[in-house]
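Asks: Any chance you can model this:
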Amino acid sequence: MDIGTGTEFDGQGRTSYDDAVRLSVLDPSPIPEGATGADAVHNTVDLAGLADRLGYHRFWLSEHHGTPMLAGLAPELLIGPVATATRRIRVGAGGMVLPHYSPLKVAEQFSTLCALYPGRVDLGLARAPGTDPVTAFALQRDRRQTSPDDFPSQLAELIGLLHAELPADHPFARLAKTLPGQPLRPQLWLLGSSGQSAGRASGMGLPYAFADFINPAGADLVAGYRRSFAAKQHEHAPYVAVAVCAICAETEEEATEFAASTQMVMHLMRRGQQIAVPQPSKAIDYLRSIGQDSRPLSGPGRRMVVGDQQQVRAGLEQVASEYGADELIVLTTTHDHQARRHSYELIADAFELAAGDRAESIDGTDLAVGGNGLTADGASSPTDDVTQQAAT
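Replies: Numbers count the residues shown, from 1 in each chain. This is a model prediction of the structure:
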């Protein structure tokens, strides 16, 4: 089975592993107990360099605010250092919480990144706040009232700016021409874990990243995305990446021990308590104290793939098969950074990832020069039809 190499996708999903499925990384910059946020973001840059050498396809940085567990609150700032520390891996936001920002500011940020790192920048967009209501309110510039839910119009405006195709009479049309990365632009994605996000992604003709670690019962939603995408007769195929929690170690016992840290964090989070990632021994004692063993069954609405190489490969293959996924995005959280590094090493080895220059786009087009919307020969990409929808 060849995982991580590019191919042209037929939009039907993966039904067997004779087909290529990419393997990528999602990193929220976890903060181990006893460490600092600065330690966490330095660990992120270190992990990105490793993922690049191991042959993972992309490295995404998530956005979370107001938590002692995660330092990844500004993916737009971390992308630059990560891209500088790597050579070929795609780097991006997984994702930017668009309701916190103006579309113009996001367009400016990611256009700048495209100018600096052409052909390597992804922009995953999310609607969920990525934090608690008070912190979300603190992120607002205007606090006279709660911000309206205008995500669809924000998304359309952002796409129009990035493609420089807002209607001529649009008040912001001239601003698109000032973006420093033009004509390059990031590869756009929509992120989510619900039917609403799946429907929006299919309607806009965008690739869809589904958070299985939030909602492991999303296979039907992803199937609906594919059906709706096809019904709208977009010029390119649908594309699905599934983000899943996984921890791999030399033995099942060791992996289960590492996973206890996440078990404790998730149990306390459901009770409204947030903590830094605890040491495994502390987490195991805590789980025993509440009558729960440390096997990776982290409760309602969660899934973890935990074990040795053979077990984790089988578990990830099962997830990919359930969704017909074109790509898996692996999220690994441990207290020990070296354990996290080794987990990704073992997974790469289990799937026989081979490092090398692979910069294909989601439709198989070589993006060694361009970004989303610009192929190597300067032709339009299949995402150009999105701009027309955004402008109407």
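Asks: which residues are in contact with the helix or strand containing residue 134?
Replies: Here residue 134 sits within helix 133-138, counting by DSSP states H and E. With contacts defined as CB atoms under 8 Å, 6 or more residues apart in numbering, helix 133-138 is touched by 65-66, 100, 129, 143, 146. In short, each C-beta sits where N, CA and C put it, glycine included.
Asks: Would you format the residues you listed as TSV with distance to residue 334, neighbour count and pLDDT included?
Replies: Output for the contacts of helix 133-138, formatted as TSV (distance: CB to CB, whole Å; neighbours: other CB atoms under 10 Å; pLDDT from 0 to 100):
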residue	distance to residue 334	neighbour count	pLDDT
65	22	18	91
66	22	16	90
100	29	19	89
129	26	19	74
143	38	10	77
146	37	11	77
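Asks: how far away is residue 140 from residue 291?
Replies: 41 Å (CB to CB, to the nearest Å).
Asks: Those two - which one has more neighbours?
Replies: Set residue 140 next to residue 291 and count neighbours by other CB atoms under 10 Å: residue 140 wins out with 13 against 6.
Asks: and that one, what element?
Replies: Residue 140 belongs to no helix or strand when assigned by DSSP H and E.
Asks: from what I can see it touches residue 129, true?
Replies: No - using CB atoms under 8 Å, residue 140 makes no contact with residue 129, being 10.5 Å away.
Asks: joint contacts of those two?
Replies: Shared contacts of residue 140 and residue 129 (CB under 8 Å, 6+ apart): residue 100.
Asks: Strands of this protein, residue ranges please.
Replies: 22-27, 58-61, 90-97, 121-126, 187-192, 208-211, 240-248, 304-307, 327-331 (DSSP state E).
Asks: I'd like those strands laid out as a markdown table, including distance to residue 114 and mean pLDDT.
Replies: Below are the strands of the chain laid out as a markdown table (distance: least, CB to CB, whole Å; pLDDT from 0 to 100):
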| stretch | distance to residue 114 | mean pLDDT |
| --- | --- | --- |
| strand 22-27 | 19 | 97 |
| strand 58-61 | 15 | 98 |
| strand 90-97 | 11 | 95 |
| strand 121-126 | 5 | 96 |
| strand 187-192 | 10 | 96 |
| strand 208-211 | 19 | 96 |
| strand 240-248 | 20 | 97 |
| strand 304-307 | 33 | 95 |
| strand 327-331 | 21 | 98 |
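Asks: Tell me which of those approaches residue 157 most closely.
Replies: The closest of those to residue 157 is strand 121-126. By CB to CB, the value is 11.9 Å.
Asks: what about residue 261, how many neighbours?
Replies: Residue 261: 30 neighbours (other CB under 10 Å).
Asks: ok, it - contacts?
Replies: 277-280, 283, 333-335.
Asks: out of everything not next to it in sequence, what's closest to residue 67?
Replies: residue 274 (5.1 Å; CB to CB, 6 or more residues apart in numbering).
Asks: quick one: the one you found from residue 284, how far?
Replies: The gap separating residue 274 from residue 284 is 20 Å, by CB to CB.
Asks: Of the two, which one has the most company?
Replies: Each of residue 274 and residue 284 has its neighbours counted (other CB under 10 Å); residue 284 has more, 19 against 14.
Asks: Would you check that the more buried one makes contact with residue 257?
Replies: Yes - Residue 284 is within contact range of residue 257, at 6.9 Å (criterion: CB under 8 Å).
Asks: So what does the residue nearest to residue 67 look like in phi/psi?
Replies: With angles defined as degrees, to the nearest 10, residue 274 sits at phi -120, psi 130.
Asks: Would you state the predicted confidence (pLDDT) at it?
Replies: What the model reports as pLDDT for residue 274 is 93.
Asks: For the stretch 251-392 of the chain, give me the ranges with low pLDDT.
Replies: 294-302, 355-392 (pLDDT under 70).
Asks: Can you list the residue ranges for helices in it?
Replies: 252-270, 280-289, 309-323, 337-350, 384-391 (DSSP state H, counting those that start in this stretch).
Asks: Looking at those helices, which is nearest to residue 105?
Replies: Checking these against residue 105 by CB to CB gives helix 384-391 as the closest, at 17.3 Å.
Asks: Pull the number of nearby residues for the closest residue to residue 86 other than its chain neighbours.
Replies: Distances taken as CB to CB, 6+ apart put residue 52 closest to residue 86, at 3.9 Å, once the chain neighbours are dropped. The number of residues packed near residue 52 is 21, by other CB under 10 Å.
Asks: Give me the pLDDT for residue 52.
Replies: 97.
Asks: got a list of what it touches?
Replies: Residue 52 touches 59, 85-89, 355, counting by CB under 8 Å, 6+ apart.
Asks: how about residue 36, what does it touch?
Replies: Contact criterion CB under 8 Å, 6+ apart gives no residues in contact with residue 36.
Asks: Tell me the bridge partners for the most centrally placed residue in the chain.
Replies: Relative to the mean C-alpha position of the chain, the nearest C-alpha, by CA atoms, centre = their mean, is the one of residue 94, at 3.3 Å. Under DSSP bridges, the beta-bridge partners of residue 94 are residue 124.
Asks: Touching, it and residue 78? I think so.
Replies: No - assessed by CB under 8 Å, residue 94 is found out of contact with residue 78, at 11.2 Å.
Asks: intersection of neighbour lists for these two?
Replies: With contacts defined as CB under 8 Å, 6+ apart, the residues adjacent to both residue 94 and residue 78 are residue 61.
Asks: Could you give the number of residues near the nearest residue to residue 251 once chain neighbours are set aside?
Replies: By the measure of CB to CB, 6+ apart, the closest residue to residue 251 outside its immediate chain neighbours is residue 308, 5.7 Å from it. Using other CB under 10 Å, residue 308 is surrounded by 17 other residues.
Asks: What residues does residue 308 make contact with?
Replies: 248-252, 255, 346.
Asks: what do you get if the cut-off is 7 Å, keeping everything else the same?
Replies: 248-252, 255 (CB atoms under 7 Å, 6 or more residues apart in numbering).
Asks: re earlier: could you verify my assumption that the residue nearest to residue 67 touches residue 69?
Replies: Yes - taking contacts as CB atoms under 7 Å, residue 274 lies within contact range of residue 69: 5.9 Å.
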